[in-house]
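**Student:** below are the sequence and a predicted model for it; my questions follow.
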Amino acid sequence: MGIIVPVLTLVYLLLTTVSHAASKPRMILVGGYVGSWKVPDSPSNTLNHWAEANRFKVGDVLVWAYDAKVDSVLQVTKEDYDSCNTSKPLKQFNDGDTKFKLDNSGPYFFISGAPGSCTKGERIHLVVLAERNNVGAGSRDFGSPKVSPVSSPPASTHAPAPAPNAAVGLKVGSGFLTAVAIGLAMA
């Protein structure tokens, strides 16, 4: 029993630290490097390509680094994003070191305020993933958003029965705790 209490305390501290670290907001440099807020060099190398390759979560902070003398960042509606309309932004930033906290899940649209830059591709559309709290107590999953099927399967369709030796009732992520329990039992 003497070794079990320190090991369990260590496991608890490890799990709470990992859970807390996962919930801290990240500072994300838009485009991945200073100076990426510009007209793209080619249509195949846009900020939207960068955004599609990244996952954003509620609480993350986007950071733009740009020359405030010649450019700005405008948060806009989807319609103004599509038409590159700079006349009525939701928010306007022109400090050269813009920080924007992603407070909600869903789409965000940003365009350049410099004349003509948006139509040349200086804009970004990104999607903040919703938290899914159905994974387990205290855990977070920022996986792909849930997708509803376009149509329901026919009522007569049944799922196949599991194989007689199939693992039933196991949850993803339980392997670590199972390994710890086995390790403690062997000690």
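**Tutor:** Thanks, I have the structure now. Remember, predicted model here, so these are calculated numbers, not experimental data. Numbers count the residues shown, from 1 in each chain.
**Student:** and the gap between residue 35 and residue 106?
**Tutor:** 28 Å (CB to CB, to the nearest Å). Glycine gets a C-beta too; all of them are placed from N, C-alpha and C.
**Student:** do residue 64 as well
**Tutor:** 20 Å.
**Student:** those two: who's more crowded?
**Tutor:** Neighbours were counted for residue 64 and for residue 106 using other CB atoms under 10 Å; residue 64 has more, 23 against 11.
**Student:** surely the more buried one and residue 97 touch.
**Tutor:** Yes - taking contacts as CB atoms under 8 Å, residue 64 lies within contact range of residue 97: 7.5 Å.
**Student:** partners of residue 93 in the sheet?
**Tutor:** Under DSSP bridges, the beta-bridge partners of residue 93 are residue 73.
**Student:** OK, contacts around it?
**Tutor:** Residues near residue 93 by CB atoms under 8 Å, 6 or more residues apart in numbering: 64, 72-75, 100.
**Student:** residue contacts, residue 37?
**Tutor:** With CB under 8 Å, 6+ apart, residue 37 has these contacts: 30-31, 47, 64-66, 71, 73, 112, 122.
**Student:** so it, which of the three states?
**Tutor:** Look at residue 37: counting by DSSP: H, G, I helix; E, B strand; the rest coil, its state is coil.
**Student:** distance-wise, check it relative to residue 130.
**Tutor:** The spacing between residue 37 and residue 130, counted by CB to CB, is 27 Å.
**Student:** ditto for residue 93
**Tutor:** 25 Å.
**Student:** pretty sure residue 114 contacts residue 72?
**Tutor:** Yes - between residue 114 and residue 72 there is a contact at 6.9 Å, judged by CB under 8 Å.
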